[in-house]
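>>> my questions concern the predicted model and sequence given below.
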Amino acid sequence: RFCKAKVLGSSPRGGSAIKAKDCYTYYMDNFDKPPQPSIEKDIPSFETLIAKDRIVIETFHRSTVDKMVEEDILAQPNIGELEGLFDKQFNFLGLSGLKERYGDKWPAIAETLIEYLDQEEGKRFRPLLLLNGYRTFTHGMEPDQEVIDAGVGIELLHEAALLLDDIMDNSTLRRGAPSLWVKIENIPGIGSSMDAKQVTTYLGSLCFSWARHLMVDEVDDKIKSEVGKIFWQAIDDMKRGQDDDNKSAHSNNWITLEHALEQFRLKTTSYSMRLPLLFALQTSDVTVEKNIVDTHGQARGTRGTAQT
């Protein structure tokens, strides 16, 4: 309704049908514009909330990244295979292991990682969805620190996925700038691109460990079990979607549209939509009579209700 009113100049309840691409184009074109005043008195506009939330996420994201290259976290060693995200042969070093392995090169590696993750080209869509999902489920309550930390965690999960995706695709650019493994390759003493990709793989797992730390290990005990299931379901979906995508890329045959959409649902939609919304639901203390979203993140009917 918001997009319809803006694009067509009609009321949210009236007007003709709107094309999805027009709504998307408007949304993306206006995402970074300064906030506009709300039409209704004392109610923040959509743009105001987004602008405020982005500042909050950017601030805590930056401080978390600084901690990530300085502090070991207790949950790191039990990540192991990252539940299938990496091959069984992958040995996660943890922060202390990275420092020991790369010695005097570690400060330059850490600085490169910080600069890369602190870039503000990203839309922060996933943490914004989590924070505003929480507001929706709680009828307007402001997110607490646990929810904000989870928003940072899901952004780190996304960044870990992008780092690994650039390695697998041998992509030298991300958001119009050099990929992290390319930047790492330019550090004196790193050596070949293969060495740079190995370093970046370790850094991706470091980002992942903090995502798990913030979204599972540090949450309230009463919801830890449920959010853990939601988190690892998203990781499993990502893994299966990526594996299937890799197989398709090496096939001589075009996949069907339905197959492509299923890949997209697994490797992107599950952690980009289902994970933030279900995490917000769990932290909102809303009693759910029936899940509106099933275990695969597919929409069901509206018979399921949520009551405070």
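In hand now; what should we look at?
>>> so residue 241 is in contact with residue 261, correct?
No: the pair residue 241 and residue 261 fails to qualify as a contact (C-beta atoms under 8 Å) at a distance of 10.9 Å. Placement of C-beta: from N, CA and C, glycine included.
>>> quick one, which of those two is more surrounded?
With neighbours defined as other C-beta atoms under 10 Å, residue 241 and residue 261 compare such that residue 241 has more, 20 against 12.
>>> is the more buried one in a helix, a strand, or coil?
The three-state label given to residue 241 by DSSP: H, G, I helix; E, B strand; the rest coil is helix.
>>> contacts only, for it.
262-268, 270 (C-beta atoms under 8 Å, 6 or more residues apart in numbering).
>>> show me how to select, in PyMOL, the buried members of those residues.
In PyMOL syntax, the buried subset of the contacts of residue 241 is picked out as below (16 or more other C-beta atoms under 10 Å):
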select buried, resi 262+263+265+266+267+268+270
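>>> among the contacts of residue 241, name the ones in helices.
When DSSP state H is applied, the contacts of residue 241 are split such that 262-264 fall in helices.
>>> re the thing from before, just give me the closest of the contacts of residue 241 to residue 194.
When the contacts of residue 241 are compared for distance to residue 194, the smallest value, 24.6 Å, is given by residue 267; criterion: C-beta to C-beta.
>>> show me where the stretch 51-200 of the chain has its strands.
Remark: strands assigned in the stretch 51-200 of the chain by DSSP state E, counting those that start in this stretch are 173-174, 177-178.
>>> any idea how far stretch 51-67 is from the chain center?
Using C-alpha atoms, centre = their mean, to the nearest Å, the mean C-alpha position of stretch 51-67 is found 14 Å from that of the whole chain.
>>> could you dump that stretch to PDB, C-alpha only?
The C-alpha trace of stretch 51-67 is given here as PDB (Å, rounded to 0.1, in the frame of the first residue of the first chain):
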ATOM      1  CA  ALA A  51      16.800   6.100   8.800                       C
ATOM      2  CA  LYS A  52      16.900   5.600  12.600                       C
ATOM      3  CA  ASP A  53      17.300   1.900  12.500                       C
ATOM      4  CA  ARG A  54      20.100   2.100   9.900                       C
ATOM      5  CA  ILE A  55      22.100   4.400  12.200                       C
ATOM      6  CA  VAL A  56      21.600   1.900  15.100                       C
ATOM      7  CA  ILE A  57      22.600  -1.100  13.100                       C
ATOM      8  CA  GLU A  58      25.600   0.700  11.600                       C
ATOM      9  CA  THR A  59      26.800   1.800  15.000                       C
ATOM     10  CA  PHE A  60      26.500  -1.700  16.700                       C
ATOM     11  CA  HIS A  61      27.800  -3.400  13.500                       C
ATOM     12  CA  ARG A  62      30.900  -1.300  13.600                       C
ATOM     13  CA  SER A  63      31.600  -2.000  17.300                       C
ATOM     14  CA  THR A  64      31.000  -5.700  16.800                       C
ATOM     15  CA  VAL A  65      33.400  -5.900  13.900                       C
ATOM     16  CA  ASP A  66      36.100  -4.200  16.100                       C
ATOM     17  CA  LYS A  67      35.400  -6.900  18.800                       C
END
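>>> got the contact list for it?
Applying C-beta under 8 Å, 6+ apart, the set of residues contacting stretch 51-67 from outside is 34-35, 44, 113-114, 117-118, 120, 124, 127-128, 131-132, 148-149, 151-152, 155-156, 210, 214.
>>> can you give me the mean pLDDT across stretch 137-157?
Average pLDDT, stretch 137-157: 94.
>>> meant to ask about stretch 170-183
Along stretch 170-183, the predicted confidence averages to a pLDDT of 86.
>>> can I get it as CSV, trimmed to CA atoms?
Output of stretch 170-183 as CSV, limited to C-alpha atoms (Å, rounded to 0.1, in the frame of the first residue of the first chain):
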residue,chain,number,x,y,z
ASN,A,170,35.9,-16.3,-8.5
SER,A,171,34.3,-12.8,-8.5
THR,A,172,36.6,-9.9,-8.2
LEU,A,173,34.0,-7.3,-7.5
ARG,A,174,31.3,-6.8,-4.9
ARG,A,175,29.0,-3.8,-4.8
GLY,A,176,31.3,-2.1,-7.4
ALA,A,177,34.4,-2.5,-5.3
PRO,A,178,37.1,-5.2,-5.1
SER,A,179,36.0,-8.4,-3.3
LEU,A,180,37.6,-9.1,0.0
TRP,A,181,39.8,-11.9,-1.3
VAL,A,182,41.2,-9.5,-3.9
LYS,A,183,42.0,-6.9,-1.2
